[in-house]
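S.K.: Predicted model and sequence follow; I will ask about them next.
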Amino acid sequence: MMQLRITENVHNWLFSVMPEGVASIVEMVLIAVVYLTIFAVAGLFLVLLERRVAAWFQLRIGPNRVGPQGLLQTMADAIKLLTKELTGTERADKFLYNLAPYFVIITALMALAVIPFSAEFHAFDINIGLFFLIAISSIGVIGILLGGWSSNNKYSLIGAMRSGVQTISYELSVGLSLLTMVVITGSLQLSEIIEIQKSGWLILQGHIPAVIAFMIFMISGTAETNRAPFDMVEAESELGAGFHTEYSGMKFAYFFLAEFINMFIISAIAATVFFGGWLSPFGITESIPELGVFWFLLKTMALVFLMMWFRWTFPRLRVDQLLTLEWKYLLPINLVNIVLMALLVWLNLTIRL
Amino acid sequence: METEILYNNFKSEEYFINMGPQHPATHGVLRLVLTIDGEIIKKVEPDLGYIHRSIEKMCERDSYQQIVHLTDRMDYLSANINNEAVCLAVENALQLEIPERVKVIRTIIAELTRISSHCLWWGVMGMDVGALTTYFYGFRDREMINDIMEETCGARLTMNYNVPGGLMLDIHPNFVKRVKEFVTHFKSKLPEYDRLLTGNVIFQKRTKGVGVLSREDAISFGASGPVGRASGYSCDVRKHHPYSAYDRVTFTEALHTEGDTYARYLVRIQEMWESLSIVEQLIDNIPEGEHRVSTNAVIKLPKGEYYQKVETARGELGVYIISTGTKNPYRLKFRSPGFSNLSLLNHIAVGGKIGDLVATMATLDLVIPDIDR
């Protein structure tokens, strides 16, 4: 089987032309630049996609003026935000206020690093990949809490407190639903999880409990990214803009982009863990590994679309209903589901093609 | 002792928060001073005056024909019904015999206005509970009514179509055809509203049992319109004191007894169906005749007091005129539905969460210029 060797070739070339230490640093910088580009492009594309999808749901056309089919619209918006003045509240806690957006954006970037785009395009394949993702995604809430607290605005504070409550609660469901799948795979390493799925995607292998885990993951993933119907944090009809009310210009854009990247990450994890990541369905394009990225993006975008669908059709939950849903329904179901999955694996009832 | 220390350490404090005058959920320049304990509302104090234009005082300065134009700017979503109220009051005072044609056209237009107002309310209601898509669905259907109005009288929002004595112009030749088109269109689209929002589990959870108003309270606070009817208070002016052509159409008064946000929602949805049926009953047999009876260029009401009430999309609008026999009213008082409906907000919102307040306020369907004249 032909292998993609772009990264390996670059690696070998770098180490052949310069000393080892310098080569490592150059390689790291290169990877960082590549991922920053992915971050920016994916973020801007997702914002545009969201706007077009929203327009489609809402009997509108959406942005279609800047560039072909409005493709450059978000680029123009980003440039506008870059050139805007950074305003803030007078009595804000300046240090924390300025720090908060970086927390959010750095965690999103770190999570992006472990996502396997294809067999070769995988920057950081650690053996605790899934655990790392869960751990990293819970750090993002600190940025939101800091932002809301330091803005010295009551609306921001309420938004931030809601966010804290929400993220800490739904963290459990995200973790447990992924843990359910780990029972099948027996590994936390994302590349191994995909390897196992060569004999059938996990949602097929684990059938009933896997479908339940997938649904719980998508619900709690939506809550984790603070998107509607769980957008307590922003709740524009209640809190104005919530925790980022006092942010402007590029700092606001950081929060905004991070939200979309988080949506991408949640969808990417779901695509990887439940739908075989970059594997093609039934191995139809196994001989062309270059298509891995295509399949991965196709699956991820389908799930992204699902999350957008949620957002543009559902009303928002109230904050107490949000907690009821998690603690009284999702968490108990999840715990039972893990036991069910364990039984399934123990009794060897999984479906393997 | 230990519990006391614990209690003192974790005692929560109330704080104030300003909702408005610029806030997405107040839909206008209404300022609510909220006293909140965490997320729970302890007190709601509406603070008015941000859009006060002294309309009642201006009425004392203007002639009766001019007053009609001022009423557009009160409840701009039922502009046409407001016009009708003043015209009816003046016509009753003058004891004018209004042609049947005018009565029927006025009723049709008033019902179209009600549908258009409820469409907008439905869109905004969805938006307030977080379903942004509803807004555009509401506007899609409202647009057709606006187009009909534009063709009929040249204006889309503040119509000024009624004048004391009848209508400013006769209806456009296309009117009947286009209204019929709208009725068929809207009949197919109204079930879509239910599919998108009414049946949604989250929406029902957000609205059922929230902001409950009992029948007694509804009456004592002077609630009217859908707010009163959702609490089981039969207060439809069209039913109890028919004006224009309401005495010759059959329609049911939408009544619910729960008095919560969901009931208020259902009442308005049902009212849209009823309005459609009223329009359907009248549109095919608009009597021929004059569209206006001539009045004096300067209308002088006989000395006395006159009161006329109509049912706007928000409730009961009363026009109370005291005339001393001159060309201006000595005093003119509007009894606006929004004002009394706002007054009960504190009563029903206390104890709920911020989200409940927003949902409750959405079903009160406040139009701020109506409250703050």
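M.R.: Arrived safely.
S.K.: Can you give me the buried ones in the helix or strand that contains residue A:222?
M.R.: Following DSSP states H and E, one finds residue A:222 within helix A:207-224. Going by neighbour count (16 or more other Cβ atoms under 10 Å in any protein chain shown), the buried part of helix A:207-224 is A:209-210, A:212-214, A:216-224. Bear in mind the C-beta positions are built from the backbone N, C-alpha and C, glycine included.
S.K.: got TSV for the residues you listed, with pLDDT and distance to residue B:144 too?
M.R.: Putting those into TSV (pLDDT from 0 to 100; distance: Cβ to Cβ, whole Å) gives the following:
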residue	pLDDT	distance to residue B:144
A:209	87	50
A:210	88	48
A:212	90	45
A:213	90	47
A:214	91	42
A:216	91	43
A:217	91	43
A:218	90	38
A:219	90	38
A:220	90	42
A:221	89	40
A:222	89	35
A:223	87	38
A:224	84	42
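S.K.: and of the residues you listed, the nearest to residue A:140?
M.R.: Of all the buried residues of helix A:207-224, residue A:140 sits closest to residue A:224, with 8.6 Å by Cβ to Cβ.
S.K.: ok, the residue lying closest to that closest one once chain neighbours are set aside - contacts?
M.R.: Closest residue in space to residue A:224, ignoring its immediate chain neighbours: residue A:170 at 5.1 Å, by Cβ to Cβ, 6 or more residues apart in numbering or on different chains. Contacts of residue A:170 were listed using Cβ atoms under 8 Å, 6 or more residues apart in numbering or on different chains, and they are A:220, A:223-224, A:230, A:326, A:330.
S.K.: how far away is residue A:170 from residue A:219?
M.R.: 8 Å (Cβ to Cβ, to the nearest Å).
S.K.: By mean pLDDT, flag the weakest helix or strand of chain B.
M.R.: Using mean pLDDT, DSSP states H and E, the weakest-scoring helix or strand in chain B turns out to be helix B:2-9, at a mean of 69.
S.K.: May I have the beta-bridge partners of residue B:331?
M.R.: Note on residue B:331: beta-bridge partners by DSSP bridges are residue B:322.
S.K.: wait, isn't it in contact with residue B:324?
M.R.: No: if you go by Cβ atoms under 8 Å, residue B:331 and residue B:324 don't touch, sitting 9.3 Å apart.
S.K.: Surely residue B:56 touches residue B:335?
M.R.: No: counting by Cβ under 8 Å, residue B:56 stays clear of residue B:335, with 10.9 Å between them.
S.K.: ok so, going back, buried ones in the following helix or strand past the least confident helix or strand of chain B?
M.R.: Next in sequence after helix B:2-9, counting helices and strands by DSSP H and E, comes strand B:15-19. Across strand B:15-19, burial judged by 16+ other Cβ under 10 Å covers B:17, B:19.
S.K.: Kindly report the same for stretch B:50-64.
M.R.: For stretch B:50-64, using 16+ other Cβ under 10 Å, the buried residues are B:51, B:55-56, B:59, B:62-64.
S.K.: Adding secondary structure and pLDDT, write those out as a markdown table.
M.R.: As requested, the buried residues of stretch B:50-64 are exported to a markdown table (DSSP: H, G, I helix; E, B strand; the rest coil; pLDDT from 0 to 100):
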| residue | secondary structure | pLDDT |
| --- | --- | --- |
| B:51 | coil | 87 |
| B:55 | helix | 89 |
| B:56 | helix | 89 |
| B:59 | helix | 88 |
| B:62 | coil | 87 |
| B:63 | coil | 88 |
| B:64 | helix | 87 |
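S.K.: just curious, which of the residues you listed is nearest to chain A?
M.R.: Taking Cβ to the nearest Cβ as the measure, chain A sits nearest to residue B:51 out of the buried residues of stretch B:50-64, at 20.2 Å.
S.K.: Got phi/psi on the closest one?
M.R.: phi -130, psi 30 (degrees, to the nearest 10).
S.K.: wouldn't it be in contact with residue B:366 here?
M.R.: No: Residue B:51 lies out of contact with residue B:366 (Cβ under 8 Å); the separation is 12.0 Å.
S.K.: shared neighbours, the two?
M.R.: By Cβ under 8 Å, 6+ apart, the residues touching both residue B:51 and residue B:366 are residue B:28.
S.K.: How is residue B:32 assigned, secondary-structure-wise?
M.R.: Three-state call for residue B:32 (DSSP: H, G, I helix; E, B strand; the rest coil): strand.
S.K.: Near it, how many residues? Count them for me, please.
M.R.: Using other Cβ atoms under 10 Å in any protein chain shown, residue B:32 has 24 neighbouring residues.
S.K.: what's the answer for the one 4 residues further on, then?
M.R.: Neighbourhood size, residue B:36 [other Cβ under 10 Å]: 20.
S.K.: Which residues does the strand or helix carrying it contact?
M.R.: Assigned by DSSP H and E, residue B:36 belongs to strand B:31-37. Applying Cβ under 8 Å, 6+ apart, the external contacts of strand B:31-37 come out as B:12-21, B:23, B:26, B:41-48, B:50, B:345, B:354, B:357.
S.K.: contacts with chain A among the residues you listed, please.
M.R.: Taking Cβ under 8 Å from any Cβ of the partner chain as the test, chain A is in contact with B:15, B:17, B:23, B:354 out of the contacts of strand B:31-37.
S.K.: export those to CSV and tack on distance to residue B:290 and pLDDT?
M.R.: Below are these laid out as CSV (distance: Cβ to Cβ, whole Å; pLDDT from 0 to 100):
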residue, distance to residue B:290, pLDDT
B:15, 63, 83
B:17, 57, 86
B:23, 48, 82
B:354, 55, 85
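S.K.: sorry, back to before: quick one: which of the buried residues of helix A:207-224 is nearest to residue B:286?
M.R.: For those, the nearest to residue B:286 is residue A:222 (52.6 Å; Cβ to Cβ).
S.K.: Contact partners for the closest one?
M.R.: A:229-230, A:266, A:307, A:310.
S.K.: Where does the stretch 1-150 of chain B get nearest to chain A, which residue?
M.R.: Closest point on the stretch 1-150 of chain B to chain A, by Cβ to the nearest Cβ, is residue B:130, at 2.6 Å.
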